[in-house]
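**Student:** mind looking at a prediction? Sequence and model below.
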Amino acid sequence: AQSVTQLGSHVSVSEGALVLLRCNYSSSVPPYLFWYVQYPNQGLQLLLKYTTGATLVKGINGFEAEFKKSETSFHLTKPSAHMSDAAEYFCAVSSYGGATNKLIFGTGTLLAVQP
Amino acid sequence: NAGVTQTPKFRVLKTGQSMTLLCAQDMNHEYMYWYRQDPGMGLRLIHYSVGEGTTAKGEVPDGYNVSRLKKQNFLLGLESAAPSQTSVYFCASTPAQGDNSPLHFGNGTRLTVT
């Protein structure tokens, strides 16, 4: 069985500060990992994904995440927060070779950016 | 391109009433999904479809039915609404099976059951 744990349901940073959103996963097979972002009153949209290959993945809006197998982690970072980054972020996992219907979402982290 | 469109955007139902949520996508995607989003619980898969005429149960299917009579439409039905079904419902689609395919989401339907 697969699962995702997002540490911290709410994270607050100052504009210009480092953003770090934590995600740990559990999977008995090689995982595919995703980060989605949800802006108010909108659906989720893909930020970035890891499937195979390079473990440091770059996404949209300056975000990146690093797959660390030894730590079963896929933390999301951005060097300098912008007010427009305020949103809810979801980590998700699925299995290698599996179907998207097996995508398991974390419970989300709400990011607030203070001026 | 409209992408994934959900109607209605908001709805209030009384316990026991029925309703249908409509999802339409114009991207010719094969796979479509219905999720519900509840505070502190992330997104949970209700039902999904891998192609026209097919449906399958997800993680939380009880109390819901679905139909995919046309490739571009995926309907979610509540036959007898319950307060526990108060939630935000999201439809999503992907081109085909495979974990490289990102989900394309609609903007959601906010349902309140009183």
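**Tutor:** Perfect, thanks for sending it.
**Student:** now do the helices in chain B.
**Tutor:** Along chain B, counting by DSSP state H, no stretch forms helices.
**Student:** contact partners for B:Thr54?
**Tutor:** B:Thr54 makes contact with B:Arg68 under the criterion C-beta atoms under 8 Å, 6 or more residues apart in numbering or on different chains. Bear in mind the C-beta positions are built from the backbone N, C-alpha and C, glycine included.
**Student:** how close does it get to chain A?
**Tutor:** 12 Å (C-beta to the nearest C-beta, to the nearest Å).
**Student:** could you count how many residues lie near A:Thr52?
**Tutor:** 11 (other C-beta atoms under 10 Å in any protein chain shown).
**Student:** same check on B:Tyr64?
**Tutor:** 19.
**Student:** and the pLDDT for it?
**Tutor:** Note for B:Tyr64: predicted pLDDT of 98.
**Student:** and what of B:Gly98?
**Tutor:** Looking at B:Gly98, the pLDDT reads 57.
**Student:** what does A:Pro31 give?
**Tutor:** The model's pLDDT for A:Pro31 equals 85.
**Student:** what sits against whichever residue of chain A sits closest to chain B?
**Tutor:** As assessed by C-beta to the nearest C-beta, chain B sits closest to A:Gly43 within chain A, at 2.9 Å. By C-beta under 8 Å, 6+ apart, the contact set of A:Gly43 is B:Val4, B:Phe90, B:Ala92, B:Phe105, B:Gly106, B:Asn107, B:Gly108.
**Student:** switch the cut-off to 10 Å
**Tutor:** A:36, B:3-4, B:6, B:35, B:37, B:88, B:90-92, B:103-108 (C-beta atoms under 10 Å, 6 or more residues apart in numbering or on different chains).
**Student:** neighbours of the closest residue to it other than its chain neighbours, how many?
**Tutor:** Of all residues not flanking A:Gly43 in the chain, B:Phe105 sits nearest, at 2.9 Å (C-beta to C-beta, 6 or more residues apart in numbering or on different chains). Using other C-beta under 10 Å, B:Phe105 is surrounded by 23 other residues.
**Student:** what residues are up against the residue sitting nearest the centre point of chain A?
**Tutor:** For chain A, the residue nearest the mean C-alpha position is A:Trp35 (3.3 Å; C-alpha atoms, centre = their mean). By C-beta under 10 Å, 6+ apart, the contact set of A:Trp35 is A:21, A:23, A:44, A:46-50, A:57, A:59, A:63-65, A:74-76, A:89-92, A:106.
**Student:** next secondary structure after the helix or strand harbouring it?
**Tutor:** Using DSSP states H and E, A:Trp35 maps to strand A:31-38. Per DSSP H and E, the first helix or strand lying C-terminal to strand A:31-38 is strand A:44-50.
**Student:** for chain B, which spans come out with low pLDDT?
**Tutor:** Scanning chain B with the threshold set as pLDDT under 70 gives B:1, B:97-100.
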